[in-house]
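Asks: Need a 3D model of the sequence below.
(2 chains)
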Number of protein chains: 2
Amino acid sequence: MSEFVDSQSAREYLLGLQERIVAKFVQLDGRPFVRDVWEKPRGTPLDGGGLTRMCENGNLLERGGVGFSHVKGAQLPPSASAGRPELAGRGFEAMGVSLVFHPRNPYVPTVHMNVRFFVARAPNNTPSPLGEGAGGEGEPDLAANRRTSERSKDVWWFGGGMDLTPYYGFEEDARHFHATCKSALQPFGADLYPRFKKWCDEYFFLKHRNEPRGVGGIFFDDFNALGFERSFEMLRAVGDAFLEAYVPIVERRWNHPFGERERDFQAYRRGRYVEFNLVYDRGTLFGLQSGGRTESILMSLPPVVKWRYDWHPAPGTPEARLYSDFLRPRDWA
Amino acid sequence: MSEFVDSQSAREYLLGLQERIVAKFVQLDGRPFVRDVWEKPRGTPLDGGGLTRMCENGNLLERGGVGFSHVKGAQLPPSASAGRPELAGRGFEAMGVSLVFHPRNPYVPTVHMNVRFFVARAPNNTPSPLGEGAGGEGEPDLAANRRTSERSKDVWWFGGGMDLTPYYGFEEDARHFHATCKSALQPFGADLYPRFKKWCDEYFFLKHRNEPRGVGGIFFDDFNALGFERSFEMLRAVGDAFLEAYVPIVERRWNHPFGERERDFQAYRRGRYVEFNLVYDRGTLFGLQSGGRTESILMSLPPVVKWRYDWHPAPGTPEARLYSDFLRPRDWA
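Replies: So this is what the prediction gives:
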């Protein structure tokens, strides 16, 4: 078995992806992103750190962040292993790139993308220090991922996806976003897009509102079905597809004129984004529970948000069309 | 034993309290509160309903709600019985008044008050329909609250409290608020205020910020130590103390001049309120988990909120004084 868990190459890929995405948005926006290197947050049981790139008050992005983090911890928090309760409490290593962009123009949708890599250490397998070239450290073979032997071996998996949250919907945009996701996954099996699309619809759903967060996209977790090398290729295909999925939408919409009414609706709808991220999002809860860096985790929250009691858009308005035509699971690709 | 669980009188007290508080704020603000009667939310396992009173865009209150609710359910959600895991899953009856006021003027603090009454039904004790005069239905005596016999009996308790969240702190206000809470509890035992004050400091704490929500007040739960009649009197003393604790602060501060800077800081600090309520607050999570009415639960959220990356007030400013002088546990009374 020549395949092994190469966490060093995952780290390099993720840092490069972050750099590429930031460079593109600096070029589009004209405003530089702040660059914050952080290390082990004080008073937490985490080892590791990250690099946060953040844009506020940009021309295009009212608030947008792209975060890289790579942490090790002694105990996998429950939120990270919801689908695998048998792994909770194990030592773990987690790295990923996560981004949320909140554009200023309400005709440009908010977008989220995340690609991540997890290793849950075998019990009694003390984690080695970070930055020593993790590739040579674990080297569990594929068998480590068979449930039968998981109890005594390292277990690794990939997760991630991307999803789109419009304020004023355009079918062309939703179709383009989904079609790009579908093409990216196609080489790895025709079954992946439909599975991940459905998973996304189910995951980004606000139960207390009986409402999807947006028009969806793809979401996956616990993915190791293709072996390390091929699963990692799949992850890269998703990360690499982000700019292609989102930038054309930005370019089409960000000169669309808007006024107070549209800004107000955007601020109201952003409240749903806050509700989802703080009440349901596993990544956010994982970060907060594991003692992650709060400002980096909560850079997903919008810059200005409004709550209004029992508000509903008037029938026949563009705002009502968001609910009737976009905020329901549809076959977009 | 002449004492019994009189849920009808609790209901009457709570509705009267809501009415008194709303009347006072209508008088102060000049703007009427919306009055929404709601029944069993669609598609949930809850029976019951409530009365929501809401003020938006008032002169004093930018957004403020006072909610009454009275629900029965087949399964007590985990968030309601965190301190009593043995009760989770039981049939339950819950009623309460909960309020959050977000004033427009940043010199007037946000306030929260809640008084509630819970009954966890004995296993196999089918709840009777609401509105039949619950006082004659349960009648468990005090022994029901002894842990030794809890397994086969109804268990009741009171909970609640009030806490103050200033944007620009005034020691006079914090002292008045705490002193009023202390006086209200005094007749029921000198130990209550110190215990409930500490409980409040511990409860309204944002772990991920290492920050208290505000200057605290009092918080209690699972309270039945004085028997039903006397515990209920204590609850009424807390509810009745609210106007006395808060109105003098409002009257002192709401003509204080303010500008963009103060509004901006208020919007930023309101973000902490959202974070607390959606990530930690048991009442909010109980409501959302038990299928409560979302708009009534989330009326606690502020009207306009801002998030800003890694922001800190400049040393020596009034904004910095909030952190250094008020957002730390202090002996206020």
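
Asks: wait, residue A:25 sits on residue A:60?
Replies: Yes. Residue A:25 lies in contact with residue A:60 (CB atoms under 8 Å); the separation is 7.3 Å. C-betas here are computed from N, CA, C, even on glycine.

Asks: okay, these two: which has more neighbours?
Replies: Neighbours were counted for residue A:25 and for residue A:60 using other CB atoms under 10 Å in any protein chain shown; residue A:25 has more, 25 against 18.

Asks: What helix or strand is that one located in?
Replies: helix A:7-29 (DSSP states H and E).

Asks: Residue A:114 now?
Replies: For residue A:114, the host element (DSSP H and E) is strand A:110-120.

Asks: How about residue A:190?
Replies: Counting by DSSP H and E, no helix or strand carries residue A:190.

Asks: do the one 10 residues further on as well
Replies: Using DSSP H and E, residue A:200 sits in helix A:192-203.

Asks: what pLDDT, on average, does that helix get?
Replies: For helix A:192-203, mean pLDDT rounds to 98.

Asks: gap between it and the chain center?
Replies: 14 Å (CA atoms, centre = their mean, to the nearest Å).

Asks: could you dump that helix to PDB, C-alpha only?
Replies: Output of helix A:192-203 as PDB, limited to C-alpha atoms (Å, rounded to 0.1, in the frame of the first residue of the first chain):
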ATOM      1  CA  LEU A 192     -21.000  12.500  -5.700                       C
ATOM      2  CA  TYR A 193     -22.700  15.700  -6.800                       C
ATOM      3  CA  PRO A 194     -26.300  14.500  -6.200                       C
ATOM      4  CA  ARG A 195     -25.200  13.100  -2.800                       C
ATOM      5  CA  PHE A 196     -23.300  16.200  -1.700                       C
ATOM      6  CA  LYS A 197     -26.000  18.500  -3.100                       C
ATOM      7  CA  LYS A 198     -28.700  16.800  -1.000                       C
ATOM      8  CA  TRP A 199     -26.400  16.800   2.000                       C
ATOM      9  CA  CYS A 200     -25.900  20.600   1.600                       C
ATOM     10  CA  ASP A 201     -29.700  21.200   1.400                       C
ATOM     11  CA  GLU A 202     -30.100  19.200   4.600                       C
ATOM     12  CA  TYR A 203     -27.200  20.700   6.400                       C
END
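
Asks: Name the residues that touch it?
Replies: A:161, A:163, A:178, A:181-182, A:185-186, A:212, A:216-221, A:234, A:329, A:333 (CB atoms under 8 Å, 6 or more residues apart in numbering or on different chains).

Asks: What is the neighbour count of the residue of the stretch 151-300 of chain A found nearest chain B?
Replies: Nearest to chain B, among the residues of the stretch 151-300 of chain A, is residue A:278, at 3.7 Å (CB to the nearest CB). Close neighbours of residue A:278, defined as other CB under 10 Å, add up to 21.

Asks: go on, residue A:183?
Replies: 15.

Asks: Excluding sequence neighbours, find me the nearest residue to it.
Replies: residue A:241 (7.4 Å; CB to CB, 6 or more residues apart in numbering or on different chains).

Asks: Residues of the stretch 201-333 of chain A that sit close to chain B?
Replies: Residues of the stretch 201-333 of chain A found near chain B (CB under 8 Å from any CB of the partner chain) are A:207-210, A:267, A:271, A:274-275, A:278-279, A:288, A:294-295, A:297-299, A:301-310.

Asks: swap the cut-off to 6 Å and go again
Replies: By CB under 6 Å from any CB of the partner chain, the part of the stretch 201-333 of chain A that sits against chain B consists of A:208, A:278-279, A:288, A:294-295, A:299, A:301, A:304-307, A:309-310.

Asks: Identify the residue with the minimum pLDDT among the residues you listed.
Replies: residue A:288 (84).

Asks: Checking my notes, that one in a helix, right?
Replies: Yes. Assessed by DSSP: H, G, I helix; E, B strand; the rest coil, residue A:288 belongs to a helix.

Asks: and the residue lying closest to it once chain neighbours are set aside, helix, strand or coil?
Replies: Counting by CB to CB, 6+ apart, residue B:208 is the residue found nearest to residue A:288 once chain neighbours are left out, at 4.6 Å. On the three-state scheme (three-state DSSP), residue B:208 is labelled coil.

Asks: Report the separation between residue B:208 and residue B:87.
Replies: According to CB to CB, to the nearest Å, residue B:208 stands 28 Å off from residue B:87.

Asks: could you pull out the helices for chain A?
Replies: Here chain A has its helices, by DSSP state H, at A:7-29, A:171-185, A:192-203, A:227-253, A:260-279, A:282-289, A:294-297, A:318-321.

Asks: sorry, back to before: give me the buried subset of the residues of the stretch 201-333 of chain A next to chain B.
Replies: A:208, A:278-279, A:288, A:294-295, A:299, A:301, A:304-307, A:309-310 (16 or more other CB atoms under 10 Å in any protein chain shown).

Asks: which of the residues you listed sit farthest apart?
Replies: Maximum pairwise distance in these, criterion CB to CB, is 32.9 Å, between A:295 and A:310.

Asks: Backbone dihedrals for the residue nearest to residue A:288, both of them.
Replies: phi -70, psi -10 (degrees, to the nearest 10).

Asks: Low-confidence regions, chain A specifically.
Replies: A:1-5, A:41-44, A:81-82, A:124-152 (pLDDT under 70).

Asks: what residue is smack in the middle of it?
Replies: The centroid of chain A falls nearest to residue A:114 when counting by CA atoms, centre = their mean (2.6 Å).

Asks: ok, now which ones touch it?
Replies: Residue A:114 sits next to A:98, A:160 when contact means CB atoms under 6 Å, 6 or more residues apart in numbering or on different chains.

Asks: Tell me the spacing between it and chain B.
Replies: 19 Å (CB to the nearest CB, to the nearest Å).

Asks: Quick check: bridge partners of that residue?
Replies: residue A:98, residue A:161 (DSSP bridges).

Asks: any idea how far it lies from residue A:165?
Replies: Residue A:114 is 14 Å from residue A:165, by CB to CB.

Asks: next one: phi and psi at the closest residue in space to residue A:298 that isn't next to it in sequence?
Replies: In space, and not counting its chain neighbours, residue A:298 is closest to residue B:307: 6.7 Å by CB to CB, 6+ apart. When quoted as degrees, to the nearest 10, the phi and psi of residue B:307 stand at phi -120, psi 140.

Asks: Quick check: bridge partners of the closest residue to chain B within the stretch 51-200 of chain A?
Replies: The stretch 51-200 of chain A approaches chain B most closely through residue A:54 (4.9 Å), counting by CB to the nearest CB. Beta-bridge pairing of residue A:54 under DSSP bridges involves residue A:34, residue A:65.

Asks: List the contacts of it.
Replies: A:33, A:34, A:65, A:299, B:309 are the contacts of residue A:54 under CB under 6 Å, 6+ apart.

Asks: repeat that with 8 Å
Replies: Counted by CB under 8 Å, 6+ apart, residue A:54 has contacts A:33, A:34, A:36, A:63, A:64, A:65, A:66, A:299, B:309, B:310.

Asks: repeat for residue A:21
Replies: A:66, A:97, A:99, A:242, A:243.
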